[in-house]
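Colleague: need coordinates for the following:
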Amino acid sequence: MGNKIFLSVKLSLILLSTFCFLTLQTSNCYAQEVTIKLHIRGVAESKVSLMPLYGANAYKIILEKSGIKNGETDSIIISNINLPGAFVLRFDYKEKETSSPYPCEKYIIINDQDLELWVNPMYCNNNDSTYFQKDEKENTVFAYFNKENNKQKEKLGLLQNFLLNYDDIQSEFYQQGIEEYEKRRNNYNQWLKEQTTKYNDLFVSHTFQFHYVPQIDFKGDESARMQIVLSHYFDGIDFNDTFLLHTQELTNFITTYVNMYASIAKTQQELDSLYPIIGKTAIEKARLGNPKVYGWMVDYFYKGYESINMPAGIEMLETYLNDPNCLTTKRQAIEKRLAGMKTLTVGTIAPDFTIKDNDGKDVLFSKYKTNSKYKLLLFYSADCGHCKELVNQLYNWWNHSDNQQLIEVFALSLDETETEIAVWENTISQLQGWKHKRCEGGINSSEANAYFILSVPVMFLVDTKTNKISATPENIDEILQFLTDNP
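Modeller: Alright, predicted model coming up:
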């Protein structure tokens, strides 16, 4: 369970969080291109780069200016396709002309207002050294909100600590504490609404709803407390708000929900059975909102289930594919995975493809001659961290001669780029004895399509005599368990 994206957390850590958000979101507003005018000072020179914190280009440089000298002014122009949103403005500066570049990063919000920023890159997050023009809106309100929000939540957090840890929950004093907490919680949530209304013309105001504090049953046990929080978790969220769609906050918010729900499970089996329920509950909430937000929620859980190879979760999503209001961007991927789950089951014939034999001749996988009892088909990428871990474990086990008699390994790489291919070529030189092939087209290759591959690593254990799929192990332990059960 260690490499799963859904990890359990303690309730108290969630309830006491102050949510100081640094990444914001995009929306469907019609911002035009925006100019950021930069005044560089305090260093010999600096390179400036801009990276969005959302979307397909998240944490990728989209704009760059080099060699801006001390005292110079330069501008960067952000296309409206990247707006609005939050960005990392990075300065790689030289304190002196002979110095090596040193990085400093500043989080900024960009909507529809041209910005002017006076910056000393060495102190890019110091308000005395780096600041916007006086009429700047988004970042100014964001800073104000975070400061006031922490003040508003401070006393609420103290009461929360008291109510979670006090030993006599039947006392009148404890009841007074609950009443005071509820009063302050309602006042705080009302303050959030007021701030949202006050700044409703600003992009940043749409993030305020993530701070909503849900109800909690302080007189119940830990399980009862968790259940009431989960049942009210989405009370403050407007699923009709499409400004939420490309936010890192939305992802964090839903992941926190998954983690809290998952913490109920006491065993791995119970946890696995919970994941489809968690997804269905969240999707049903989003289903009542905007179709795009509804579709995003389906996408989120599909990616989660795919990453932990959970067929039950993916099967649960099939219902939503038939709903025309569900604007999921993963429809084809989900359909492909569902088709693979129905087609490539244990006992079915493994799809054929060509591979080089020991003489360098093309032969069909089904006709490949081997003395091993099983053929292990491994789809992987040499540039993938999880793949590297699996490949190392598998090769160390297989490299013992007795194990080579059990399994012949066919390693099919889905690497495509020049960088990936270079890594693959180096990798296979260290994996002597395996049969290697790089599938042209990567994830879209004929081999990957035949086996419905959407992510890697994926393994199929195939019976050499019948060419039927015997197992679909997820790791080396499952391979060993299969071989133990099928000597």
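Colleague: helices or strands up against the host helix or strand of residue 272?
Modeller: Here residue 272, judged by DSSP states H and E, is contained in helix 268-287. Here helix 268-287 touches helix 248-262, helix 291-307, helix 311-321, going by 3 or more Cβ pairs under 8 Å, 6 or more residues apart in numbering; DSSP states H and E. From N, CA and C alone the C-beta is placed, and that goes for glycine too.
Colleague: which strands or helices does the last one pack on?
Modeller: To tie it back to what came earlier, the one meant is helix 311-321. Here helix 311-321 touches helix 268-287, helix 291-307, helix 331-343, going by 3+ Cβ pairs under 8 Å, 6+ apart.
Colleague: other residues contacting it?
Modeller: In this structure, residues lying in contact with helix 311-321 by Cβ atoms under 8 Å, 6 or more residues apart in numbering are 272-273, 275-276, 279-280, 283, 287, 298, 301-302, 304-306, 326, 328, 331, 334-335, 337-338, 341.
Colleague: for the residue nearest to the spatial centre of the chain, give me its contacts.
Modeller: The centroid of the chain falls nearest to residue 251 when counting by Cα atoms, centre = their mean (7.0 Å). Residue 251 makes contact with residue 300 under the criterion Cβ under 8 Å, 6+ apart.
Colleague: where along this structure do the helices fall?
Modeller: Here the chain has its helices, by DSSP state H, at 11-15, 138-165, 172-198, 222-231, 248-262, 268-287, 291-307, 311-321, 331-343, 385-398, 401-406, 418-428, 446-450, 476-485.
Colleague: out of the ones you listed, the one nearest residue 121 is which?
Modeller: Set against residue 121 and scored by Cβ to Cβ, the helices of the chain come closest in helix 138-165, at 17.3 Å.
Colleague: for the closest one, packing partners?
Modeller: Where contact means 3+ Cβ pairs under 8 Å, 6+ apart, helix 138-165 is packed against helix 11-15, strand 102-110, helix 172-198.
Colleague: deepest of these, which one?
Modeller: Counting by mean count of other Cβ atoms under 10 Å, strand 102-110 has the highest mean neighbour count of these, with a mean of 18.
Colleague: now the residue sitting furthest away from the middle of the chain: how far from residue 178?
Modeller: What lies farthest from the middle of the chain is residue 172; by Cα atoms, centre = their mean that is 45.3 Å. Using Cβ to Cβ, to the nearest Å, residue 172 is found at 11 Å from residue 178.
Colleague: try residue 90
Modeller: In this view, residue 90 and residue 178 are 47 Å apart by Cβ to Cβ.
Colleague: for residue 166, same thing?
Modeller: As defined by Cβ to Cβ, residue 166 lies at a distance of 10 Å from residue 178.
Colleague: what bits of the stretch 51-200 of the chain have low per-residue confidence?
Modeller: Nowhere does the stretch 51-200 of the chain drop to pLDDT under 70.
Colleague: let's see 80
Modeller: 54-56 (pLDDT under 80).
Colleague: residue 291 touches residue 327, doesn't it?
Modeller: Yes - in this structure, residue 291 is within contact of residue 327 by Cβ atoms under 8 Å, at 4.6 Å.
Colleague: re earlier: just put the helices and strands packed on helix 311-321 in a markdown table and tack on distance to residue 130, mean pLDDT and mean neighbour count.
Modeller: Putting these into a markdown table (distance: least, Cβ to Cβ, whole Å; pLDDT from 0 to 100; neighbours: other Cβ atoms under 10 Å) gives the following:
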| stretch | distance to residue 130 | mean pLDDT | mean neighbour count |
| --- | --- | --- | --- |
| helix 268-287 | 39 | 93 | 17 |
| helix 291-307 | 34 | 93 | 21 |
| helix 331-343 | 43 | 87 | 16 |
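Colleague: redo these as TSV? Include distance to residue 190.
Modeller: Shown next, in TSV, are the helices and strands packed on helix 311-321 (distance: least, Cβ to Cβ, whole Å):
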stretch	distance to residue 190
helix 268-287	22
helix 291-307	24
helix 331-343	40
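Colleague: who wins for proximity to residue 140 among the ones you listed?
Modeller: Closest among the helices and strands packed on helix 311-321, once you apply Cβ to Cβ, is helix 291-307, at 28.2 Å.
Colleague: just checking, what packs against that closest one?
Modeller: Using 3+ Cβ pairs under 8 Å, 6+ apart: helix 291-307 touches helix 248-262, helix 268-287, helix 311-321, helix 331-343.
Colleague: and if we set it to 7 Å?
Modeller: In terms of contacts (3 or more Cβ pairs under 7 Å, 6 or more residues apart in numbering; DSSP states H and E), helix 291-307 is packed against helix 268-287, helix 311-321, helix 331-343.
Colleague: pipe those helices into JSON lines and attach distance to residue 72 per row.
Modeller: Below are those laid out as JSON lines (distance: least, Cβ to Cβ, whole Å):
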{"stretch": "helix 268-287", "distance to residue 72": "48"}
{"stretch": "helix 311-321", "distance to residue 72": "53"}
{"stretch": "helix 331-343", "distance to residue 72": "48"}
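Colleague: looking at those helices, spot the one closest to residue 432.
Modeller: Going by Cβ to Cβ, the one of these nearest residue 432 is helix 331-343, 31.5 Å.
Colleague: by contact count, what packs against the closest one?
Modeller: Checking 3+ Cβ pairs under 7 Å, 6+ apart, helix 331-343 ends up next to helix 291-307, helix 311-321.
Colleague: mean confidence for the shortest one?
Modeller: In this case it means helix 311-321. For helix 311-321, the mean pLDDT works out to 92.
Colleague: identify each buried residue in it, please.
Modeller: Buried residues in helix 311-321, counted by 16 or more other Cβ atoms under 10 Å: 313-317, 320.
Colleague: can I get those in CSV with distance to residue 122?
Modeller: What follows is those, written out as CSV (distance: Cβ to Cβ, whole Å):
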residue, distance to residue 122
313, 48
314, 50
315, 55
316, 52
317, 49
320, 51
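Colleague: closest one of the residues you listed to residue 156?
Modeller: Residue 156 lies nearest to residue 313 out of those, by Cβ to Cβ, at 35.2 Å.
Colleague: okay, now the domains of the protein?
Modeller: 11-21+140-341, 34-134, 354-485 (automatic domain parsing).
Colleague: need the distance between the two termini of the second one.
Modeller: This points to domain 34-134. 17 Å (Cα to Cα, to the nearest Å).
Colleague: would you list the helices and strands packed on helix 331-343 in JSON lines and tack on distance to residue 111?
Modeller: Shown next, in JSON lines, are these (distance: least, Cβ to Cβ, whole Å):
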{"stretch": "helix 291-307", "distance to residue 111": "20"}
{"stretch": "helix 311-321", "distance to residue 111": "32"}
